[in-house]
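Participant: sequence plus predicted model, see below.
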Amino acid sequence: MHNGFFDAFFGRLLTGGGRGLQRHYASLRHAGAPAPRVVATLGVGVALLVTSPILLSSKARSGAAPASGIPSAADLGVEFVENSSSSVVVERNGKRYLVDLITHSIRDADTGVPEAASAPVSAAESEAEQSAPDGSTIFRNNCSSCHGLDGKGDTGLKTPDFTSPQVQGSLTDQQMEAIIRHGKKDTMMPAWEDKLSDADIQAVRGFLRSLGNSSRTSSGQTEAAPKKKVYTPGDDLLFSLPTGRPVPRHALTANFTHRFPYTPAFSGKAEGGSLIGLDDFALPSFGFRYGLTDKLSVSAYRSPTFIARPIQLMAAYNLLDERQGAPINAAARFSIQGENNFSKNFTENLEGIFSRSLGRRAQLYAVPTLSLNNRILFQPSSFLSSAIPDLPGHNTFSLGAGAAFDIRPTVALVAEVIPTLVNGRPLDIHRPAYSFGIQKKIWRHSFTFGFTTSPGTTVAQRAATRASFLGDPTADKPGGLFVGFDLSRQLF
């Protein structure tokens, strides 16, 4: 009768307390283990069973003080997570498990890997589990662009490292959920209460807690989680050369470029009155880039009439990512450009974008580009379509190289050079296009100001220089450097 009472009582209790605990209790009873005698209630209306045969005296059962002392949590194989009222670590057969009583999840406390099912479950339980939000997926889709896929944060963005015991200990569960829900004033952390449900927020909080516990050893001691030093580009472009930065899933980025090729910045008469050419006529270009998945993105981009009105359509796929343990970053992009608003002079481009971090403060880039039916860079004489003639195409190959170096957490120096190795002469490319500048990056926004010899910003036009654009073979020498700037913003 005594064991039957506990079977019924704890069976009902465990029905709402997590499938993993229910299976664990059932397996113990099947093996003939003594009935549990201690229930620890953890402030969330859910009970945790500790399988230890603690016999209480009749006074203890009636509410009086027990005759013998109650063992400590360590004696029972239970470890309370600091500042958490809904998570505990349970040791069983030499292994440690993180039990989250809100999300009803059990993870290996040393690796963070969810435990596999050990017994058949009912259809209702299976449906409930499938409908429960997955904190790791929500985090990856919404938070990883600032906090990193591994939750270790970004020094440039000053986001916290959730694998750090110090960070975990500084926040209670309630504080963590409040920050996710309402954001954090005077920081880049936005409010998510209008986009995530309460269950989603609790699931994300549970996932963040699991990151902190994954840095513990089997003896319960905390270790500093190893950090891979990876650079974070501030923009899709160094200046004209792509960085291969991935676009988060369902994120939309706007890119806005300005080039002032008509007035050199460092030669000729003093240009103080025109701000070294910034008051002169500009070539502004504008485009959008959208992440279909974490790796696949599409974009559309247009440049103005006086550089032949090209429209560029592109698809890009990120193949390798240093943040996921790859030795380099690698992306492939395919694009089609058509001049006069995508009506003539079509060029097809295939790019490979490779980069390697030199710690968290620098990154090197290599961008081989094949362009089929590329056209010479020229400036139409009027707004009329007749001013953009049909031009012969040439297959070209260029090999761009660049570097970025952070001199401050949010300020970088950038430089690039784009030599055309095949068929440069038919396009009047006498010297490689090159650029250098300074970049300010703040959260999802960046601004780059620099000097360049190339008026073009599309894939097909960026290797051409001011010499072909103006019809002056000497215009691409160092004295022909002119000013330009880029603006980039992730809208959502």
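Facilitator: Sure, I can see it. Numbering: from 1, shown residues only.
Participant: residue 287 sits in which helix or strand?
Facilitator: Assessed by DSSP states H and E, residue 287 sits inside strand 283-291.
Participant: tell me which residues in that strand are buried?
Facilitator: Within strand 283-291, the residues that qualify as buried are 283, 285, 287, 289, 290, 291, counting by 16 or more other CB atoms under 10 Å. Where you see a C-beta, it was placed from the backbone N, CA and C, and this is true even at glycine.
Participant: how about TSV for these, with distance to residue 208 and pLDDT added?
Facilitator: Putting the buried residues of strand 283-291 into TSV (distance: CB to CB, whole Å; pLDDT from 0 to 100) gives the following:
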residue	distance to residue 208	pLDDT
283	46	93
285	40	95
287	35	96
289	29	96
290	28	95
291	23	93
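Participant: these: which two are farthest apart?
Facilitator: Greatest spatial distance among those (CB to CB): 283 and 291, at 27.5 Å.
Participant: which SS class is the residue nearest the centre of the chain?
Facilitator: With distances taken as CA atoms, centre = their mean, the residue of the chain nearest its centroid is residue 145 (2.6 Å). Look at residue 145: counting by DSSP: H, G, I helix; E, B strand; the rest coil, its state is helix.
Participant: the one 5 residues further on too?
Facilitator: Using three-state DSSP, the structure places residue 150 in coil.
Participant: after the strand holding residue 287 comes which helix or strand?
Facilitator: Going down the chain from strand 283-291, the next helix or strand is strand 296-302, by DSSP H and E.
Participant: just how off-centre is that next one within its chain?
Facilitator: 18 Å (CA atoms, centre = their mean, to the nearest Å).
Participant: what helices and strands are in contact with the helix or strand where residue 341 lies?
Facilitator: Here residue 341 sits within helix 339-342, counting by DSSP H and E. Helix 339-342 makes packing contacts with strand 311-320 when contacts are defined by 3 or more CB pairs under 8 Å, 6 or more residues apart in numbering; DSSP states H and E.
Participant: and the contacts of the strand it packs on?
Facilitator: Residues outside strand 311-320 that contact it (CB atoms under 8 Å, 6 or more residues apart in numbering): 244, 246, 287, 294-302, 326-338, 341-342, 458-460.
Participant: and it with strand 283-291, angle?
Facilitator: 40 degrees (axes from the mean of the first three to the mean of the last three CA atoms, to 10 degrees).
Participant: quick check: buried residues in strand 311-320?
Facilitator: Under the neighbour-count criterion of 16+ other CB under 10 Å, strand 311-320 has 311, 312, 314, 316, 318, 320 buried.
Participant: just the mean pLDDT for the longest helix seen in the chain, thanks.
Facilitator: Criterion DSSP state H: the longest helix present in the chain is helix 198-213. For helix 198-213, mean pLDDT rounds to 85.
Participant: buried sites along it?
Facilitator: Buried residues in helix 198-213, counted by 16+ other CB under 10 Å: 200-213.
Participant: one step back: what packs against the helix or strand following the helix holding residue 341?
Facilitator: Once helix 339-342 ends, the next helix or strand along the chain (criterion: DSSP H and E) is strand 344-357. Secondary-structure packing of strand 344-357 (3+ CB pairs under 8 Å, 6+ apart): strand 329-338, strand 362-374.
Participant: among those strands, which is nearest residue 472?
Facilitator: When the helices and strands packed on strand 344-357 are ranked by proximity to residue 472, the top entry is strand 362-374, at 20.6 Å, counting by CB to CB.
Participant: show me the shaky parts of this structure.
Facilitator: For the chain, applying pLDDT under 70 flags the ranges 1-69, 82-83, 85, 102-103, 109-131, 155-156, 213-228, 268-279.
Participant: so residue 286 touches residue 258, yeah?
Facilitator: No: using CB atoms under 8 Å as the test, residue 286 is too far from residue 258 to be in contact (10.0 Å).
Participant: kindly state the beta-bridge partners for residue 482.
Facilitator: Per DSSP bridges, the residues bridged to residue 482 are residue 452.
Participant: kindly apply the preceding question to residue 437 instead.
Facilitator: Beta bridges link residue 437 to residue 414, residue 450, judged by DSSP bridges.
Participant: give the contact list for it.
Facilitator: Residue 437 neighbours (CB under 8 Å, 6+ apart): 239, 413, 414, 415, 448, 449, 450, 451, 485.
Participant: any chance of those residues in JSON lines, with neighbour count too?
Facilitator: Shown next, in JSON lines, are the contacts of residue 437 (neighbours: other CB atoms under 10 Å):
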{"residue": "239", "neighbour count": "27"}
{"residue": "413", "neighbour count": "15"}
{"residue": "414", "neighbour count": "26"}
{"residue": "415", "neighbour count": "17"}
{"residue": "448", "neighbour count": "23"}
{"residue": "449", "neighbour count": "15"}
{"residue": "450", "neighbour count": "21"}
{"residue": "451", "neighbour count": "19"}
{"residue": "485", "neighbour count": "18"}
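Participant: for those residues, which one is nearest residue 231?
Facilitator: Among the contacts of residue 437, residue 414 lies closest to residue 231 (CB to CB), at 12.0 Å.
Participant: distance of that closest one relative to residue 363?
Facilitator: 10 Å (CB to CB, to the nearest Å).
Participant: which residues are in contact with each of the two?
Facilitator: Joint contacts of residue 414 and residue 363 (CB under 8 Å, 6+ apart) are 403, 404.
Participant: what is the neighbour count of residue 342?
Facilitator: For residue 342, the neighbour count with other CB atoms under 10 Å is 17.
Participant: do a quick rundown of the helices in the stretch 351-492 of the chain.
Facilitator: Along the stretch 351-492 of the chain, the segments classed as helices by DSSP state H, counting those that start in this stretch run 466-470.
Participant: where exactly do the strands run in it?
Facilitator: 362-374, 394-408, 411-418, 420-422, 433-442, 445-452, 482-490 (DSSP state E, counting those that start in this stretch).
Participant: now do the last one: distance to the chain's middle.
Facilitator: Here the centre of strand 482-490 is set off from its chain's centre by 22 Å, with CA atoms, centre = their mean.
Participant: same question, the fifth one
Facilitator: Between the mean C-alpha location of strand 433-442 and the chain-wide mean there is a distance of 22 Å, by CA atoms, centre = their mean.
Participant: got the buried residues for that strand?
Facilitator: Neighbour-count burial for strand 433-442 flags 433, 434, 435, 436, 437, 439, 441 (criterion: 16+ other CB under 10 Å).
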